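Visitor: pasting the structure only:
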Ligand SMILES: [Zn+2]
């Protein structure tokens, strides 16, 4: 049987659906019997979902920055530091 | 976005359609600034790099052939621009993950069992997460504290949603390395959540 340490190391692969059938079954078997690992995988799933959610937030979207780019594109001769 | 929709968007960009540009800018600019901040170490330089990258994107959009996704192409330009600037500033940036402890180093006993049982996060309900900004703010702070490679992987793969292959090409890392970084970044976010759960 996998140790808890091994389960934790493979938790992301399980979440991302990257484990083969045999590995997946070994993980499921451990998770069915070990509350600690079941909780850990649930925690990592939540962390994964929140990471994606955090990316949906768009802080610092200052419209003046968009205007500045359009300005530079409209005047190719001036203000281009590249 | 379907390939046909993306091709249409690219045509509008190439034609200088300001609305199309604003759409793409709103979709990607914040993520570009986040990736560049990880590479350059400061937000002000990152904002400039993002802006320079947009100029480069619009000047080269006529050459975009759809060999990769539009987002993948834009982030390739962003990462190269940020790396060049970092090099000019004498900053060495490596995306490769080194073999270090992964945040769970002390979590297990000699037989690989949990020393301390992971908690049931009863307080971290969807309601609480949606209601206040505080949980997501913790997540964002944890991501901001990651090493540049992990941060770039998180933004490109988990937030922008690029294909794994594209992320590896852009950052010049192996797929195995990318998976390690993704896992470690999640562990770091989990640890941050543990402190507020
Ligand atoms: Zn276990």
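Guide: Yep, it's here. Computed from a prediction, not measured in an experiment: that's the story for all the values here.
Visitor: low-confidence stretches in the chain?
Guide: Looking at chain A here, since you left the chain open. Residue ranges of chain A with pLDDT under 70: A:57-61, A:75-82.
Visitor: sorry, should have said chain B
Guide: Looking at chain B by pLDDT under 70, you get B:130-131, B:133.
Visitor: how does it divide into domains?
Guide: B:3-88, B:105-196 (automatic domain parsing).
Visitor: just how off-centre is the helix or strand where residue B:27 lies within its chain?
Guide: Using DSSP states H and E, residue B:27 sits within helix B:18-40. With Cα atoms, centre = their mean, to the nearest Å as the basis, helix B:18-40 stands 11 Å off its chain's centre.
Visitor: of all the domains of chain B, which one is nearest residue A:16?
Guide: With Cβ to Cβ, the closest approach to residue A:16 among the domains of chain B belongs to domain B:105-196: 7.8 Å. Using the backbone N, CA and C atoms, a C-beta is placed for each residue, glycine as well.
Visitor: can that closest one be found next to chain A?
Guide: Yes: under the criterion of Cβ under 8 Å from any Cβ of the partner chain, chain A is reached by domain B:105-196 at B:107-108, B:111-114, B:117-121, B:124, B:129, B:135-136, B:139-140, B:143, B:154-155, B:158-160, B:179, B:182-183, B:185-187, B:189-190, B:193-194.
Visitor: so what's residue B:185 up against?
Guide: Residue B:185 sits next to A:51, B:143, B:146, B:150-151, B:153-154 when contact means Cβ atoms under 8 Å, 6 or more residues apart in numbering or on different chains.
Visitor: now the closest residue to it other than its chain neighbours: which helix or strand?
Guide: Once flanking residues are discounted, residue B:185 sits nearest to residue B:150: 4.3 Å by Cβ to Cβ, 6 or more residues apart in numbering or on different chains. Residue B:150 is part of helix B:148-153 when elements are defined by DSSP H and E.
Visitor: what packs against that helix?
Guide: Judged by 3 or more Cβ pairs under 8 Å, 6 or more residues apart in numbering or on different chains; DSSP states H and E, the packing partners of helix B:148-153 are helix B:18-40, helix B:164-171, helix B:175-196.
Visitor: include distance to residue B:95 when you put the ones you listed into a markdown table, please.
Guide: Formatted as a markdown table, the helices and strands packed on helix B:148-153 follow (distance: least, Cβ to Cβ, whole Å):
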| stretch | distance to residue B:95 |
| --- | --- |
| helix B:18-40 | 9 |
| helix B:164-171 | 4 |
| helix B:175-196 | 8 |
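Visitor: for stretch A:41-60, buried residues please.
Guide: Buried residues in stretch A:41-60, counted by 16 or more other Cβ atoms under 10 Å in any protein chain shown: A:41, A:43-48, A:50-51, A:53-55.
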